[in-house]
Each structure stands twice: as C-alpha cells, then as structure tokens.
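> the following comprises the amino acid sequence and a computationally predicted model.
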Amino acid sequence: MNIKRIVILFIIFITIYSCKNQESGLIFKQNISNEFVYITPDMYSESRDSLKIDIPLEFYIKNNSNTNYDFVGTKFFINKEYISLGDYENIDKNTKEAKREDWEISKGEDNMITSRIEKLYIDMDDAKKIFKKYAVNKDIENFRDSAKIVSYKEFRKDFPEIIKKMEKVPDTVQVTTRDNGKKNYESKKFKISW
C-alpha cells in the first residue's frame, strides 16, 4: 500500500511540475487588429503588376518566467524569406513608440506590439477589387501615395480569399529572448495567422 501511495504522489508531483514548466517562459499570442490596412505603390518596382499592402499584425508578449529578459527581439519570415530590420517596424500599442531592434521586458511584464511589414504584396487584380469595394478615389495605375482602406478586422471579413492566398505559404515570426545576465539566447517561432 505504501508503494502505491508513493507512486501516486510521485505521478501527481511530476504532473504539477510539468504543467508549471509549460506556463513559464514566454507567452505569445496574436490578436486581430482594429488598426487600418493601407495600400501603397512600390516606388522601386519597374512593373506595376502588384502593390504593397500594409497589414497591422498585433502581438501580445508576456514574460512569464522568474527572471527579467534583457533582450527581446523579433524576426519575420514571409514566404520563407527573412525580412530585414529596415523592412518592418514594431510599435508599442500603448505608447505608440517604435520599439528598437531589441527591448527589455521584466518578469511578469507584458507588451502589446503592432508590427508593420513593408514587404507584403497583392496583385493588381486584388487591389482593384479592394479599391472598388471601399470606393477608394485614386487612379490605381498611377497613384504615388498611400490609400487608407479599413480596419484589418473588417478587411478579413470582406476579403477572405486574399487572406487565404496569403496563408498558402506559412509565415512566421521568431521571438528571441535572453535572461538577464546569461549569454545564451532562446528563440521560438510562431505561425502568423493572417
């Protein structure tokens, strides 16, 4: 009887310990943003067969570990290609300030980040449908500024076929952290849900 109790207590202990370990570390969740989608021309492209689409990606990041992170950084992979730092920007949703290449996050602290990637494209036919749907009064072939469309939440409802095209090749964001005082970095990749 005593051995059975010891085994049961051991199993309960292991279960509680493993659940606790799963909760520690980095919590990362993606939200569907209410911020606006923009369409802009690619000024450096010779052909006009596509336009840039600026979609706000919203992420909730929390340090659920027992230590402070003195480094938190993101890397984006769109269509399996690395997006360099100058082609995206992370903005703190609360302060509206751009996050540097890396930032700190104390234990228990959380950040709401909006990321805007400048390397997303849609073909001209889809852009024409978008302009027509939202009555954007610009010459799609020749406009040189940006067109403010609608909130991303509404855009997803109105154009699920465009979202489906964007999800053909899984895109990811890699979040890298370092515990304060340690030399090693830890990275986790998360799938972007368009």
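Sure thing, it's come through. Please read these numbers as outputs of a predicted model, since none were measured by experiment.

> quick one: the strands in the protein?
Ranges of strands in the chain, per DSSP state E, are 26-32, 36-40, 50-54, 56-63, 69-78, 81-83, 88-92, 102-105, 110-117, 121-123, 147-151, 172-179, 186-191.

> among those strands, which comes closest to residue 164?
Smallest distance to residue 164 across the strands of the chain (CB to CB): 12.4 Å, for strand 121-123. Placement of C-beta: from N, CA and C, glycine included.

> partners of that closest one, with directions?
Taking DSSP bridges as the criterion, strand 121-123 pairs within the sheet with strand 50-54 (antiparallel).

> quick check: bridge partners of the residue most central in space within the chain?
Central residue of the chain (CA atoms, centre = their mean): residue 57, 4.7 Å from the mean position. On the basis of DSSP bridges, residue 57 is bridged to residue 32, residue 115.

> that one against residue 33, yeah?
Yes. Contact between residue 57 and residue 33 holds when scored by CB atoms under 8 Å: they sit 7.0 Å apart.

> now for these two: what residues contact both?
Shared contacts of residue 57 and residue 33 (CB atoms under 8 Å, 6 or more residues apart in numbering): residue 114.

> could you tell me the least trusted of the strands of the chain?
For those, mean pLDDT drops lowest on strand 102-105, to a mean of 88.

> output the contacting helices and strands for that one.
strand 69-78 (3 or more CB pairs under 8 Å, 6 or more residues apart in numbering; DSSP states H and E).

> just checking: what are the partner strands of the strand it packs on?
Its sheet considered, strand 69-78 pairs with strand 81-83 (antiparallel), strand 102-105 (antiparallel), strand 172-179 (antiparallel) by DSSP bridges.

> got the angle for it vs strand 186-191?
Angle of strand 69-78 versus strand 186-191, following axes from the mean of the first three to the mean of the last three CA atoms, to 10 degrees, is 40 degrees.

> got the angle for strand 69-78 vs strand 88-92?
Counting by the same axes, to 10 degrees, strand 69-78 lies at 140 degrees to strand 88-92.

> how about residues contacting strand 69-78?
With CB under 8 Å, 6+ apart as the test, strand 69-78 has contacts from 61, 63, 82-83, 88, 90, 101-106, 111, 113, 115, 117, 119-120, 171-181, 185, 189, 192.

> now with 6 Å, please.
Residues from elsewhere that reach strand 69-78 (CB atoms under 6 Å, 6 or more residues apart in numbering): 63, 83, 88, 102-105, 117, 119, 171-178, 180.

> buried stuff in it?
69-78 (16 or more other CB atoms under 10 Å).

> want to throw those into JSON lines with distance to residue 132?
Listed next are these as JSON lines, based on distance: CB to CB, whole Å:
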{"residue": "69", "distance to residue 132": "46"}
{"residue": "70", "distance to residue 132": "49"}
{"residue": "71", "distance to residue 132": "46"}
{"residue": "72", "distance to residue 132": "41"}
{"residue": "73", "distance to residue 132": "40"}
{"residue": "74", "distance to residue 132": "35"}
{"residue": "75", "distance to residue 132": "36"}
{"residue": "76", "distance to residue 132": "30"}
{"residue": "77", "distance to residue 132": "32"}
{"residue": "78", "distance to residue 132": "26"}
